[in-house]
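Colleague: here's a sequence, model it:
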Amino acid sequence: MAAPCQMQSGASGPSILRVSGISAGYGEKAVLRSVEFTLRAGECAALLGPNGSGKTTLLRTISGVLAPQAGSIELLGRPLTSLSPRQRARMVAVVPQRGQLPQGLTARQMVLLGRFAHLGWLGPYSREDYTVADSALDETGAAPLAHRRLTELSGGELQRVLLARALAQQSPLLLLDELAAGLDWARMVELFDLLERRRAAGACVLMAVHDCNLAALYATRLMGLKGGNLVFDGPVAKVFTEENLGALYNIPVSILPHPRFGLPQALLASACGPWRSAEGSTAEGSAGSTAGSAGIVPALGGEGSDCKR
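Modeller: Residues are numbered from 1 along each chain as shown. The predicted structure is shown next:
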């Protein structure tokens, strides 16, 4: 993993996505409330927030799967509601959370579905379509899976195939819903490094991320959603703070610089694991403990800890 490239969120590229006063939900249940932001080419924005905060709902609304209850969305300056499915697919590609899969398809056939927006009116797939699909499979490390059926793939393998399908669309906006789910560390770094290369080449990325530390390493901009409201939005160095993250997740956190990259990383500042003794010190004692534990671990559950004894 190379040192992450952190670009300021005030990107100067053309506007790709404009979300204006969006409210959305399911039936009478409101999930999003008056959310507003603009994303430009070359930005990678990470959506942070607890479960149920509205991250997936926001992505579904931007992709056109869910109609907003209020507000408007523009893609490349055009109202989302004015676009046909084919036009929309040329502008935005989505990697959803794993859901129901088409039966009987191989990985390569799934990736070729990403070429739908580029087919001619009568078309079968062209040589270019196959070339683009195979290149996307190769780029995501999924080429060895090309002829395996989707139902035979592990969760991590399927994530690579779904990302390959999105890349095959060649859309300027990528929407990713928990891409890291099911991936081991090595594969996760490979795919997020790939996204960084795409961003650096001008793509616009909006991703819902469960791991705030991963977001801090790869995003140029962080957006916090809580209760359907956008509670913070800005560059990593400005908004990745103990105050913001503690309020977002309702738990105390400590922020320390990454030992190699210098970017901020969050640690839990309240925990009640077996390492604690009845007196509030480490279970193994301080003598000969691993480097840093004597100075860091007691602080996690000292005065004011909620640990029950």
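
Colleague: roughly how far apart are the residue most central in space within the chain and C44?
Modeller: Against the mean C-alpha coordinate of the chain, by CA atoms, centre = their mean, the closest residue is M207 at 2.8 Å. As judged by CB to CB, to the nearest Å, M207 and C44 stand 7 Å apart. Heads up, the C-betas are built off the backbone N, CA and C, glycines and all.

Colleague: ok so, going back, quick one: the residue nearest to the centre of the chain is in a helix?
Modeller: No: applying DSSP: H, G, I helix; E, B strand; the rest coil, one finds M207 to be strand, outside a helix.

Colleague: now it: how far from L175?
Modeller: According to CB to CB, M207 stands 7 Å off from L175.

Colleague: circling back: quickly list what's touching both of M207 and C44.
Modeller: 195, 219 (CB atoms under 8 Å, 6 or more residues apart in numbering).

Colleague: bridged to R149, which residues?
Modeller: R149 has the following beta-bridge partners by DSSP bridges: T106.

Colleague: just give me the neighbour total for it.
Modeller: 15 (other CB atoms under 10 Å).

Colleague: and P252, by the same measure?
Modeller: Neighbours of P252 (other CB under 10 Å): 17.

Colleague: can you give me the neighbour number for the residue lying closest to it once chain neighbours are set aside?
Modeller: Excluding its sequence neighbours, the residue lying closest to P252 (CB to CB, 6 or more residues apart in numbering) is A269, at 3.9 Å. By other CB under 10 Å, the residues close to A269 number 16.

Colleague: could you point out which element follows the host helix or strand of A136?
Modeller: Using DSSP states H and E, A136 maps to helix 127-139. Downstream of helix 127-139, the first helix or strand assigned by DSSP H and E is helix 155-168.

Colleague: any idea where the helices of the chain begin and end?
Modeller: In the chain, the helices defined using DSSP state H lie at 55-63, 85-91, 107-112, 127-139, 155-168, 185-200, 212-218, 236-239, 242-249, 293-300.

Colleague: what helices or strands is the third one leaning on?
Modeller: Contacts defined by 3 or more CB pairs under 8 Å, 6 or more residues apart in numbering; DSSP states H and E place helix 107-112 against helix 127-139, helix 155-168.

Colleague: who touches T151 in this structure?
Modeller: T151 makes contacts with 101, 103, as judged by CB under 8 Å, 6+ apart.

Colleague: mind checking how far it is from V205?
Modeller: 29 Å.

Colleague: can you give me the neighbour number for G155?
Modeller: Neighbour count of G155, defined by other CB under 10 Å: 10.

Colleague: that one against R98, yeah?
Modeller: Yes: here G155 lies in contact with R98, judged by CB atoms under 8 Å, at a distance of 6.5 Å.

Colleague: which neighbours do the two share?
Modeller: With CB under 8 Å, 6+ apart, G155 and R98 have common neighbours 181-182.

Colleague: that's all I had, so thanks and see you.
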